[in-house]
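**Q** Sequence and predicted structure, then a few things I'm wondering about:
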Amino acid sequence: MSMEFESVIGLEVHVQLATETKIFCGSSTRFGGDPNEFIDPVTLGLPGALPVLNRRVVEFAIMLGKATKCEIRRFNRFARKHYFYPDLPKGYQISQFEEPICERGSLEVHFENAVRTVGIRRIHMEEDAGKNMHDTRTETSLIDLNRAGVPLLEIVSEPDLRTPAEASAYLRTLRQMVRFLGVSDGNMEEGSLRCDANISLRPVGELKFGTRTEIKNLNSFRFVERALEYEIARQTSLLRAGQKVVQETLLYDSAADVTRSMRGKEESSDYRYFPDPDLPPLIIEEGWVNQIVGSMPRLPDQWRKELTENYGLSNYDASVLLAESENVAFFQAVFDICQNAKAACNWVTSELFGYLHKNSLTLAHSPIKPADLGALIKLIDDEVLSGKMAKSVFEEMFATSQSPQEIIEKKGLKQIANPDEIQQLVTDTISKFSSQFDAYAQGNDRLHGFFVGEVMKLSRGAANPKLVNNAILDAVKKRRSS
């Protein structure tokens, strides 16, 4: 980014809600059905078919609004947004315009070791359109209306973002929020979360906004960053050459890594909004809002405070766990058994996540249950297993889904912690390597690690390392004092 100009970025994020049925009818929202499998007279906009609002959509909107510190509008209504496109069977989209359900909120974004507050201008409910599919081989276009009528929340940020990386961090935070709330799966590959990015440039120090362009339908964090980076470079080049930026809607071509003009940028008047006559105004009572707030799950920032202050984890460890809500739930179930937060976090985020990644598995399909991992950590803390033995047991747990106790009994892996047995192992090792022990006793302290290793080898890794270490030190002291 050139120091001559500052970028001003705002995002419009469309989140598909995790309801079983569409926003105004009873057809399924399931992903992956046959083309046009989930349609009905309301979806098709047939004469006489009237929409009925899905109550769960409103509850999800209120949840996200309260989570982002928005004001909940008590009186709000739906509007018709008119435009022609083949995948819009009614010729208009039911959305909200002047009276959205949520307004004037904010979202805290952890970015580059700091916390940025990004304003939320509005959150409104609307229906999705269908999907056009173009086959260049047969030169045909097909329409699948399964998505038509699927409920969306559109979250419109204030133009508070300044860099592509910051925009990506905001989008990740918003995805994390909707997943923790359970209002959406946030799956960008399936279109559950999509983003339109508005970008303009202005001279550094200038308060007036420049001419903006809008990049439509970005469906990955990487594409958001790359598209914005390209558009900043393109607009910078135009402004340096004394040319004007044209206000227009763009598409991002990920293969060529460029933005391409799609159409002139519309204004709200182009859509001919007016209140939908088939849907009465929505009046939200305070008691309903309080009921919804009381049922909301813990939010990411609340969990962050809990993990760092009550569990004593670092901010980095907390961030790794907070990447997904199921991570936190798994960690907590492990901790409930072992009562060792740091060890639980390390085994979950390092060992378990590493094995899952290597085997292309998700946490939901982990062969190791959280209670069994907690039991394994407790066996280490109780000095029943050494760290090395625990790694071996863990591998077997991952391969077989057996409990650590079953594997220990089957393989006879219990740690040797009896002082007499440890002493005998040390004595036998000293006898075997008497010349090395003489050198150690005469001051070659570097041989200490050699003797610890030989004792552990003799015990096949079963000896308690701490007891072995102490027994060797005692033997050296006795030799040196004799």
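**A** It's in.

**Q** Buried residues, the longest strand anywhere in the chain. List them.
**A** Ranked by residue count under DSSP state E, the longest strand found in the chain is strand 114-127. Within strand 114-127, the residues scored as buried using 16 or more other CB atoms under 10 Å are 116, 118, 119, 120, 121, 122, 123, 124, 125, 126, 127. C-beta: built from backbone N, CA, C; applies to glycine.

**Q** After that strand, which helix or strand is next? Please name it.
**A** strand 131-135 (DSSP states H and E).

**Q** what's the spacing between that next one and its chain's center?
**A** How far strand 131-135 lies from its chain's middle: 30 Å, per CA atoms, centre = their mean, to the nearest Å.

**Q** Check stretch 133-146 too.
**A** With CA atoms, centre = their mean, you get 33 Å for stretch 133-146.

**Q** can you check stretch 185-199 too?
**A** 13 Å.

**Q** Contacts made by it with the rest, please.
**A** Stretch 185-199 is contacted by residues 7-16, 18, 31, 147, 159, 167, 171, 175-176, 178-179, 184, 212-221, 224, 227-228, 231-232, 235 when judged by CB atoms under 8 Å, 6 or more residues apart in numbering.

**Q** if we can go back for a sec, check pLDDT for the buried residues of strand 114-127 and point me to the minimum.
**A** Checking pLDDT across the buried residues of strand 114-127, the minimum falls on residue 116 at 93.

**Q** tell me the average confidence for stretch 32-44?
**A** So the average pLDDT for stretch 32-44 ends up being 94.

**Q** ends of that stretch, how far apart?
**A** 19 Å (CA to CA, to the nearest Å).

**Q** got the buried residues for that stretch?
**A** Those would be 38, 39, 42, 43, for stretch 32-44 by 16+ other CB under 10 Å.

**Q** try stretch 363-382
**A** 366-368, 370, 372-380.

**Q** List the ones among the residues you listed that fall in helices.
**A** 370, 372, 373, 374, 375, 376, 377, 378, 379, 380 (DSSP state H).

**Q** what's the closest of those to residue 96?
**A** Among those, residue 370 lies closest to residue 96 (CB to CB), at 41.7 Å.

**Q** give me phi/psi at the nearest residue to residue 371 once chain neighbours are set aside?
**A** Among residues not flanking residue 371 along the chain, residue 337 sits closest, at 5.5 Å (CB to CB, 6 or more residues apart in numbering). When quoted as degrees, to the nearest 10, the phi and psi of residue 337 stand at phi -90, psi -50.

**Q** In terms of pLDDT, where does residue 337 sit?
**A** 97.

**Q** With distance to residue 403 added, can I get the buried residues of strand 114-127 in a markdown table?
**A** Shown next, in a markdown table, are those (distance: CB to CB, whole Å):
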| residue | distance to residue 403 |
| --- | --- |
| 116 | 45 |
| 118 | 46 |
| 119 | 50 |
| 120 | 47 |
| 121 | 52 |
| 122 | 51 |
| 123 | 46 |
| 124 | 50 |
| 125 | 47 |
| 126 | 49 |
| 127 | 49 |
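
**Q** which one of those residues is nearest residue 107?
**A** Looking across the buried residues of strand 114-127 and measuring by CB to CB, the closest to residue 107 is residue 118, at 5.1 Å.

**Q** you'd agree that closest one is up against residue 105?
**A** No: Residue 118 is beyond contact range of residue 105, at 9.7 Å (criterion: CB atoms under 8 Å).

**Q** contact partners of the top helix by length along the chain?
**A** Scanning the chain for the longest helix, with DSSP H as the assignment, gives helix 221-240. Contact with helix 221-240 is made by 1-2, 4-5, 7, 9, 11, 164-165, 167-168, 171-172, 188, 195, 197, 199-201, 210, 213, 215, 218, 244-245, 250, 252, 254, 257-259, as judged by CB under 8 Å, 6+ apart.

**Q** Make a PyMOL selection of whichever of these turn out to be buried.
**A** Buried residues within the contacts of helix 221-240, by 16+ other CB under 10 Å, are selected in PyMOL with:
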select buried, resi 5+7+9+11+164+165+167+168+171+172+188+195+197+199+200+201+210+213+215+218+245+250+252+259
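
**Q** So which of the contacts of helix 221-240 belong to strands?
**A** Filtering those for strands - DSSP E - leaves 5, 7, 9, 11, 195, 197, 199-201, 213, 215, 218, 250, 252, 258-259.

**Q** which pair in the residues you listed spans the largest distance?
**A** Most distant of the ones in strands among the contacts of helix 221-240, by CB to CB, are 5 and 195, 22.7 Å apart.

**Q** what bits of this structure have low per-residue confidence?
**A** 1-3, 265-266 (pLDDT under 70).

**Q** Summarise which helices and strands the longest strand of the chain is packed against.
**A** Applying 3 or more CB pairs under 8 Å, 6 or more residues apart in numbering; DSSP states H and E, we find strand 114-127 packed against helix 55-67, strand 92-95, strand 102-111, strand 151-157, helix 164-181.

**Q** now, of those, which is deepest in the fold?
**A** strand 151-157 (a mean of 24; mean count of other CB atoms under 10 Å).

**Q** CA atoms only: put that one into PDB for me.
**A** Taking Å, rounded to 0.1, in the frame of the first residue of the first chain, the C-alpha atoms of strand 151-157 are listed here in PDB:
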ATOM      1  CA  PRO A 151     -32.700 -17.300   5.200                       C
ATOM      2  CA  LEU A 152     -29.800 -14.900   5.400                       C
ATOM      3  CA  LEU A 153     -28.500 -12.200   7.800                       C
ATOM      4  CA  GLU A 154     -26.600  -9.400   6.100                       C
ATOM      5  CA  ILE A 155     -24.100  -7.800   8.400                       C
ATOM      6  CA  VAL A 156     -23.000  -4.400   7.100                       C
ATOM      7  CA  SER A 157     -19.900  -2.900   8.800                       C
END
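
**Q** That strand: partners in the sheet, and parallel or antiparallel?
**A** strand 5-16 (antiparallel), strand 114-127 (antiparallel) (DSSP bridges).

**Q** any idea of the angle the longest one forms with strand 102-111?
**A** Inter-element angle recorded for strand 114-127 and strand 102-111: 140 degrees (by axes from the mean of the first three to the mean of the last three CA atoms, to 10 degrees).

**Q** Then the shortest one?
**A** Computed by the same axes, to 10 degrees, the angle separating strand 5-16 from strand 102-111 equals 110 degrees.

**Q** following strand 5-16, which helix or strand shows up next?
**A** helix 41-44.

**Q** Tell me which residues are up against that next one.
**A** 22, 24, 25, 27, 48, 49, 50, 51, 89, 145, 148, 149.

**Q** ok, of these, which come out buried?
**A** 22, 24, 25, 27, 51, 89, 145, 148, 149.

**Q** distance of the second one from residue 181?
**A** If I follow you right, that is residue 24. 22 Å (CB to CB, to the nearest Å).

**Q** same thing with the first one?
**A** Plainly put, residue 22 is 20 Å away from residue 181 if you go by CB to CB.

**Q** picking up where we left off before, so which of the buried residues of strand 114-127 comes closest to residue 309?
**A** Looking across those and measuring by CB to CB, the closest to residue 309 is residue 116, at 21.8 Å.

**Q** Nice, that's everything, thank you.
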